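[1] A predicted structure for the sequence below; I have some questions about it.
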Amino acid sequence: MAGTKFKKMHGLGNDFIIFDVRGGESLPDKDVLSGLTERRTGIGCDQIIVLDKPKDAEADIFMKILNAPDISEAQACGNATRCVASLLMNELDKDHVTIQTVAGLLPCEAVNGDRNKICADMGEAKLEWNEIPLAEKCDTLHLGIGVEEAHDPVAVNIGNPHAVFFIDNVEMAPVREWGTRIEHDRMFPERTNVEFAQIIDRKTIRMRVWERSAGETAACGSAACATIVAAVRRDLADRKADVLLNGGTLNLEWRESDGHVLMTGPVAYIFDGELTA
């Protein structure tokens, strides 16, 4: 669509094409958006982000998240939240903003005034089977499903569903094979993101992630949040810990006082662009 402007940003390699329609701009149709997500023939991204006017008076902006390449809507994306927060902080010249998604309001702040390092409050972790959601009532701490060495995950909802597997060697895990099978397991009626986590010590977790629709990504903020929650529930990690992803490190805290998960990490601007055809 000629004249449609966008920005490209990433958080630890988890990358986004960001459209701003607050001024009434038209969004390209679904087929065009899908084509843009392709890395060889388009721009390439893990998700497309659409910014609009907030629906809640407490929010500064509304953020819609569309998965690549099928343009299905996601409920949460932690790295995109931090990227959008950075953009908005620079636009409004303030270090605290609130982003609204379909999952709720997400307060964000610049760490020590650095608008390229953002702490996002991703909200309360949901742990009940019907909140994930799962296909049937069961213990979310021990699902008893899986493949080969990845079995018995913890189910967590951080705006979207996650299944966290603890395994001995993340580097050797066939993430594509396992992730595809678990994403589509009958236990997850809305499909699921899948995390493969290796405990280094109580303050350090190595994790790789398979995202619904997008496949394995360099980083996923909500996946890191789900991983710290799952690790604490299994008494494998402290409530404050670093999660090491393919693209870098996120600092996580599962706050005991209210059950909210705080995620801190860097964001980076890549370029501005405009669609001319």
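    Alright, I've got the coordinates.

[2] C-alpha only now, for contacts and for neighbours.
    Noted.

[3] Setting aside sequence neighbours, what's the nearest residue to the most centrally placed residue in the chain?
    Nearest to the mean C-alpha position of the chain, counting by C-alpha atoms, centre = their mean, stands residue 77 at 3.0 Å. Once flanking residues are discounted, residue 77 sits nearest to residue 222: 5.8 Å by C-alpha to C-alpha, 6 or more residues apart in numbering.

[4] After the helix or strand harbouring that neighbour, which helix or strand is next? Please name it.
    Using DSSP states H and E, residue 222 falls within helix 221-233. Remark: after helix 221-233, the chain's next helix or strand is strand 240-245, criterion DSSP H and E.

[5] And the chain, what are its domain boundaries?
    4-119+265-275, 124-264 (automatic domain parsing).

[6] In a markdown table: those domains, plus mean pLDDT.
    As requested, these are exported to a markdown table (pLDDT from 0 to 100):
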| stretch | mean pLDDT |
| --- | --- |
| domain 4-119+265-275 | 95 |
| domain 124-264 | 95 |
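
[7] Quick check: residue 16 touching residue 47?
    Yes. The criterion here is C-alpha atoms under 8 Å, and residue 16 meets it with residue 47 at 5.2 Å.

[8] where exactly do the helices run in the stretch 101-250 of the chain?
    175-183, 221-233 (DSSP state H, counting those that start in this stretch).

[9] Longest strand in this structure, by number of residues?
    Looking across the chain with DSSP state E, the single longest strand is strand 114-124.

[10] buried sites along that strand?
    115, 116, 117, 118, 119, 120, 121, 122, 123, 124 (16 or more other C-alpha atoms under 10 Å).

[11] got a list of what the fifth one touches?
    Right, residue 119. Contact analysis of residue 119 by C-alpha atoms under 8 Å, 6 or more residues apart in numbering lists 82, 108, 109, 110, 111, 262, 263, 264, 265.

[12] which residues sit in contact with the residue nearest to the centre of the chain?
    Counted by C-alpha under 8 Å, 6+ apart, residue 77 has contacts 65, 220, 221, 222.

[13] Of all the helices of the stretch 101-250 of the chain, which one comes closest to residue 42?
    Nearest of the helices of the stretch 101-250 of the chain to residue 42, taken as C-alpha to C-alpha: helix 175-183 at 22.5 Å.

[14] which helices and strands does that closest one pack with?
    strand 146-147, strand 193-201, strand 204-211, strand 215-217 (3 or more C-alpha pairs under 8 Å, 6 or more residues apart in numbering; DSSP states H and E).

[15] Just the buried residues of that helix, please?
    175, 178, 179, 180, 182, 183.

[16] thought the first one was touching residue 207?
    No. Under the criterion of C-alpha under 8 Å, residue 175 makes no contact with residue 207, lying 10.8 Å away.
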